[in-house]
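Peer 1: got a predicted structure here, sequence first:
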Amino acid sequence: MAASHDFGRACEALAAADLARRGWTILDRNYRAGRAEIDLIARLGRTVAFIEVKGRRDTRYGDPLDAITPAKRSEIGRVARVWLERHGRPHWHYRFDAIAVRTRAGRSVVEHVEDAWRL
């Protein structure tokens, strides 16, 4: 497995742990529809968030949130529709969130951006 893949999975684990500490329930991890996936699907009360997690070890390649392109957002939207068809509840509220994990000198900072985009 590539080091970047391992780093991405570690960022997802940090993001999931941060959400759980704040009371969120992780409904799915790496939910796939075809070749596309949503990193995390989490619920807090009646709110369900489809979450893209991006991590960076430094700023050489820019901010992690900048890597969530319009094409990636659209792909996440397609996967979210599949999840909603199978698991959605009419009384829940749905949104798209992003989590940035910035790691420097062995220390990671997790930033949760709620309602990061709309389709």
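Peer 2: Right, received. Where do you want to start?

Peer 1: for the closest residue in space to residue 62 that isn't next to it in sequence, give its distance to residue 82.
Peer 2: Setting aside the residues directly before and after it, residue 62 is nearest to residue 56 in space (C-beta to C-beta, 6 or more residues apart in numbering), at 7.8 Å. All C-beta atoms are positioned from the backbone trio N, CA, C, and that covers glycine. The spacing between residue 56 and residue 82, counted by C-beta to C-beta, to the nearest Å, is 29 Å.

Peer 1: out of the two, which sits in the busier spot?
Peer 2: residue 56 (20 against 15; other C-beta atoms under 10 Å).

Peer 1: who's that one bridged to?
Peer 2: When assigned by DSSP bridges, residue 56 has beta-bridge partners residue 102.

Peer 1: which ones are touching it?
Peer 2: Contact analysis of residue 56 by C-beta atoms under 8 Å, 6 or more residues apart in numbering lists 62, 63, 64, 100, 101, 102, 103.

Peer 1: correct me if wrong, but the fourth one is in a helix.
Peer 2: This means residue 100. No: membership of residue 100 in a helix is not supported by DSSP: H, G, I helix; E, B strand; the rest coil, which gives strand.

Peer 1: tell me the pLDDT of it.
Peer 2: pLDDT, residue 100: 96.

Peer 1: which residues lie in contact with it in this structure?
Peer 2: Contacts for residue 100 (C-beta under 8 Å, 6+ apart) come out as 54, 55, 56, 63, 64, 65, 110, 111, 113.

Peer 1: helices or strands next to the lowest-mean-pLDDT helix or strand in the chain in the packing?
Peer 2: Least confident helix or strand, the chain: helix 3-21 with a mean of 92, by mean pLDDT, DSSP states H and E. In terms of contacts (3 or more C-beta pairs under 8 Å, 6 or more residues apart in numbering; DSSP states H and E), helix 3-21 is packed against strand 25-33, strand 36-44, strand 47-56, strand 93-104, strand 107-117.

Peer 1: now do it against strand 25-33, angle only.
Peer 2: Inter-element angle recorded for helix 3-21 and strand 25-33: 150 degrees (by axes from the mean of the first three to the mean of the last three C-alpha atoms, to 10 degrees).

Peer 1: buried ones in stretch 41-51?
Peer 2: For stretch 41-51, the neighbour count (16 or more other C-beta atoms under 10 Å) marks 41, 42, 43, 48, 49, 50, 51 as buried.

Peer 1: thank you, goodbye.
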